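In: just need the structure, nothing else, for what follows:
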Amino acid sequence: MVGAPSVGQEGDGAGPSRRKAEGRSISRAPAYPDPRPPPSSRCNSSQGLHGQLPRTAEGTSNRRFRRWWEKREGVGSTIEEETFNVRPRPEDLSGFSSGKNVKVFSYNDLMLATDKFHPSNKIGRGGFGTVFKGTLTDGRQVAVKVLSAESKQGIKEFVSEIDSITNVVHMNLVELLGCCIQGTDRILVYDYAENGSLDRALLGSDNEMSKLDWNIRSAICLGTARGLMFLHEELEPPIVHRDIKASNILLDKDFVPKIGDFGLAKLFPDNVTHISTCVAGTTGYLAPEYAMGGRLTKKADIYSFGVLVLEIVSGRNNAHASWSDVEKFLLEWTWHLYEDGRLLELVDPYLGEFSEEEVLRYIKVALFCTQGAAKRRPSMPQVVQMLSKPILLNEKELTPPGFCKQSKGINSNDSRLKCSSVNSTAQLSSAPGYIF
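Out: The predicted structure is shown next:
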């Protein structure tokens, strides 16, 4: 019986070379081949800002850019974060990327492309702002993300996002085309996804849902898994997305999934196993250990991915599902159906013809991904293997999933997160340790 191997630490999933470097036993290496390339061939997402100071116009702009650059490079004096009062010229940002320059769009170009950011061109709202559809002068369609003024993302975070995304290229990740800095306005320009976001396709009109047959949905699951595997395992340092959800999965003209909105992404330093950080993300997709303790590892993304798979299979929002005429979280409903041997009742009626064996395997993989204890969850390479091959899963090790939901206090305005397993209201941070 084959399944994902036991995982020794949260966020684990590295290949043999990394295990040896960290002093871990290699006896727990995956039972199937590690699909990642050797370390020397991996993309280095931290490259691109080190080098000669780019030239800028003389005067205020030059002094401010030099002070920012010295702070970013760790040389010279440090200054408090400030915003540019003028738009940098293209050559000012040419050092942000290794092997590929970041294109700097003028504010006027983007005003023209979006018809002055007309409400009719608004196509969504991400973690840090509003997204508009635009058409450049050469006819190319783009998604223009205007970062919200009230967000906490300053110039430093904005530049970090530009640097990291530009160097991260994969067929299942949204491509960043360029940026614009105009006064206090900070804008990102992405490649446009013709079929919009996955949440609209799943929860939209009957006509939209009917397009998503099982072949398309399974490809969306697998493509998203491969995109996450790339972020987790093929970059140095790895990237944890932190906000995997249906609205952050975009679909191109062929329904190929693209993971978007890296505004919440964090780069993992080499010498840590988790990052204690301010919790950011969407309730319902949040792993218990992250929602309650701010403990962020790759396994938090894997939990969110598991919830996403259940949404794709069922065509239902994770926070609203019904079982025996009682409203429950999708995870609760799925587990009860699993215990009763009725998992096929979870399947979206719009799915059409499908392989029962394959659909059941996808649902069970999602349940492994949403285990309450992070150590019980597989790594993304293991998830890709389980989704792409008819592997027999060791269901004896499957326990009720963990989840978090909003609960109201005595005061109606007192809203707090409560994390539990399906069969218990206890905290899940002390759940048992191994997956298989």
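In: which helix runs longest in this structure?
Out: Counting by DSSP state H, the longest helix found in the chain is helix 214-233.
In: avg pLDDT for that helix?
Out: Averaged across helix 214-233, the pLDDT comes to 96.
In: quick check: buried residues in it?
Out: 214, 216-218, 220-233 (16 or more other C-beta atoms under 10 Å). Placement of C-beta: from N, CA and C, glycine included.
In: then stretch 175-192?
Out: Within stretch 175-192, the residues that qualify as buried are 176-182, 186-192, counting by 16+ other C-beta under 10 Å.
In: contacting residues around stretch 308-319?
Out: 198, 202-203, 209, 212, 217, 220-221, 224, 244-246, 249, 283-285, 307, 321, 329-331, 334, 346-351, 359, 362-363, 365-366, 369-370, 405 (C-beta atoms under 8 Å, 6 or more residues apart in numbering).
In: ok, Lys253 - contacts?
Out: Glu194, Asn195.
In: would you list the phi and psi of it?
Out: The phi/psi pair for Lys253 (degrees, to the nearest 10) reads phi -60, psi -20.
In: and the helices in the stretch 151-300 of the chain?
Out: 155-166, 198-203, 206-210, 214-233, 288-293, 298-314 (DSSP state H, counting those that start in this stretch).
In: wait, which of these is closest to Met386?
Out: Met386 sits nearest to helix 214-233 of all the helices of the stretch 151-300 of the chain, at 9.2 Å, using C-beta to C-beta.
In: which strands and helices sit next to that closest one?
Out: strand 239-240, strand 249-251, strand 257-259, helix 298-314, helix 356-369, helix 380-388 (3 or more C-beta pairs under 8 Å, 6 or more residues apart in numbering; DSSP states H and E).
In: how far off helix 356-369 does the longest helix of the chain point, in degrees?
Out: Helix 214-233 and helix 356-369 are oriented at 30 degrees to each other (axes from the mean of the first three to the mean of the last three C-alpha atoms, to 10 degrees).
In: and the nearest residue to Glu194 once chain neighbours are set aside, how far from Tyr192?
Out: Closest residue in space to Glu194, ignoring its immediate chain neighbours: Lys253 at 4.1 Å, by C-beta to C-beta, 6 or more residues apart in numbering. Look at Lys253 and Tyr192: by C-beta to C-beta, to the nearest Å, they are 10 Å apart.
In: tell me what angle the longest helix of the chain forms with helix 298-314.
Out: With the same axes, to 10 degrees as the basis, helix 214-233 and helix 298-314 are set at 170 degrees to each other.
In: could you dump the helices of the stretch 151-300 of the chain to CSV with distance to His118?
Out: CSV is the format used below for the helices of the stretch 151-300 of the chain (distance: least, C-beta to C-beta, whole Å):
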stretch, distance to His118
helix 155-166, 24
helix 198-203, 20
helix 206-210, 23
helix 214-233, 30
helix 288-293, 37
helix 298-314, 31
